[in-house]
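Enquirer: Provided below are the primary sequence and the corresponding predicted coordinates.
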Amino acid sequence: MNYYHIARESLGFFPTPLVALSKLSKKLDGPTIFMKRDDNTGLALGGNKTRKLEFIIGDALAKGADTIVTAGAAQSNHCRQTAAAAASLGLECHLVLGGKEPAQASGNLLLDKIFGCHIHWAGANRKGEDIPDIVEQLITQGKKPYVVPYGGSNELGALAFVEAYKELESQRKSMNLSFTHIIFASSSGGTQAGLMLGKKAFNSPCQIVGINIDKGETDKVPFDQYTLSLANRTAKLIGADYEFSESDLILNSDYVGEGYGVVGALENEAIALTAQTEGILLDPVYTGRAMGGLIDMIRIGVIKKTDSVLFWHTGGAPALFAYSNDLDFAQKF
């Protein structure tokens, strides 16, 4: 693999911690569980998108951009970290957010505003459908816009998680650990594509298991097909002679529930249980759902007590404040 010539802008604190969740493991009478703490990447309260943005913003700067444009849901963790990255580098930032402007900003949206970005409300179009028109307007104003893809999930974003896998391998070896599964929230495909490529590059035997958190598509392509295509395109980018097929993709869609951002009992239990055993905060949209999936897979025996699981915490805790009406803080375990 050859990617060290690719532009990269330092934005986060790495390596992120790798910690044991021994109390959660004991509570579940389950396998050994470790957590990769990408909620500690440092940029704007952290999250996995910081890794992707290092390569994507690096590319933007190399191309002379002065304005960053991206899209997401109103409580998008990706948009929050993109806004912070742009602010730190003196770049103008435009966020195209789904829904309507609320009467009061909270959670990630509040942070977006603090970072001083320009917000465009797009109704049902939370995946960037309105971006071309906005880019055209910016160009007529003499700006040099650069579009960051939804979720930061293009080849550069996926490449960041090849590098993340390398980071994990170094930690794993120094701590004399092995994992049977790596489990994480999968939404726009970049994290999963990168981890799949990292697994192949480092000849790892563990299963890469994405917990699907969204019923939708990415770039009008079914999510599983998009993720496979992205993995193959990223391999080509770095000159890796790999070809991924459907057998390489493990995407569990059993926990989508009522859809993106709809919080139910699964997420409530996972958030409360992780907080009350380990003092670690998950978010209601991504990591809460993914941890809920992991907990259920342990209980139904899909993941066995003899397994060793890594849960990749992709961040998102600021969204908790915007979802307070959907969370049951009274739960005790």
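Expert: Noted; the coordinates are in hand. Numbers count the residues shown, from 1 in each chain.
Enquirer: make it CA atoms for all contacts and neighbour counts henceforth
Expert: Fine.
Enquirer: for this protein, what spans make up the strands?
Expert: 18-20, 32-37, 67-72, 92-97, 118-121, 145-147, 181-186, 207-212, 250-252, 308-313 (DSSP state E).
Enquirer: which helices and strands does the fifth one pack with?
Expert: Under the contact criterion of 3 or more CA pairs under 8 Å, 6 or more residues apart in numbering; DSSP states H and E, strand 118-121 touches strand 92-97.
Enquirer: Could you check how far the strand it packs on is from the centre of its chain?
Expert: Relative to the chain's own centre, strand 92-97 is displaced by 19 Å; criterion: CA atoms, centre = their mean, to the nearest Å.
Enquirer: for stretch 234-244, same thing?
Expert: 22 Å.
Enquirer: Pull out the buried positions in it.
Expert: For stretch 234-244, burial by neighbour count (16 or more other CA atoms under 10 Å) applies to 234-235, 237-238, 240, 244.
Enquirer: and what of stretch 59-73?
Expert: Neighbour-count burial for stretch 59-73 [16+ other CA under 10 Å]: 59-61, 65-73.
Enquirer: Stretch 273-288 too?
Expert: 273-274, 276-277, 280-288.
Enquirer: Stretch 262-273 too?
Expert: Result for stretch 262-273 [16+ other CA under 10 Å]: buried residues 262-263, 266-273.
Enquirer: what's the answer for stretch 171-185, then?
Expert: 171, 178-185.
Enquirer: Need the distance between the two termini of that stretch.
Expert: 21 Å (CA to CA, to the nearest Å).
Enquirer: Next: stretch 25-33.
Expert: Start-to-end, stretch 25-33 (CA to CA) is 6 Å.
Enquirer: can you give me the helices for the stretch 1-150 of the chain?
Expert: 22-28, 49-62, 77-88, 107-114, 131-140 (DSSP state H, counting those that start in this stretch).
Enquirer: tell me the two of the buried residues of stretch 273-288 that are most distant?
Expert: Using CA to CA, these reach their maximum pairwise distance at 277 and 285, which is 20.2 Å.
Enquirer: What ranges does the stretch 201-333 of the chain have for its helices?
Expert: Counting by DSSP H, counting those that start in this stretch, one finds helices in the stretch 201-333 of the chain at the ranges 223-237, 265-278, 287-299.
Enquirer: To residue 126, which of these lies closest?
Expert: Comparing those by CA to CA, helix 223-237 comes nearest, at 15.8 Å.
Enquirer: pLDDT of stretch 87-95, averaged?
Expert: For stretch 87-95, the mean pLDDT works out to 98.
Enquirer: just how off-centre is it within its chain?
Expert: With CA atoms, centre = their mean, you get 20 Å for stretch 87-95.
Enquirer: same check, this time on stretch 184-199
Expert: Taking CA atoms, centre = their mean, one finds stretch 184-199 lying 9 Å from the centre of the chain it belongs to.
Enquirer: do the same with stretch 266-284
Expert: Using CA atoms, centre = their mean, the offset of stretch 266-284 from its chain centre is 17 Å.
Enquirer: can you pull the contacts of the closest residue to residue 293 other than its chain neighbours?
Expert: Once flanking residues are discounted, residue 293 sits nearest to residue 255: 6.1 Å by CA to CA, 6 or more residues apart in numbering. When contacts are counted by CA atoms under 8 Å, 6 or more residues apart in numbering, residue 255 touches 211-213, 289-290, 292-293.
Enquirer: so residue 178 touches residue 172, yeah?
Expert: Yes: distance between residue 178 and residue 172: 6.7 Å, which falls inside the contact criterion (CA atoms under 8 Å).
Enquirer: got the domain boundaries for this protein?
Expert: Listed by automatic domain parsing, the domain ranges of the chain are 18-46+154-326, 49-152.
Enquirer: Including distance to residue 2, could these go into TSV?
Expert: Below are these laid out as TSV (distance: least, CA to CA, whole Å):
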stretch	distance to residue 2
domain 18-46+154-326	5
domain 49-152	14
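Enquirer: wait, which of those is closest to residue 1?
Expert: Using CA to CA, the domains of the chain put domain 18-46+154-326 closest to residue 1, at 5.4 Å.
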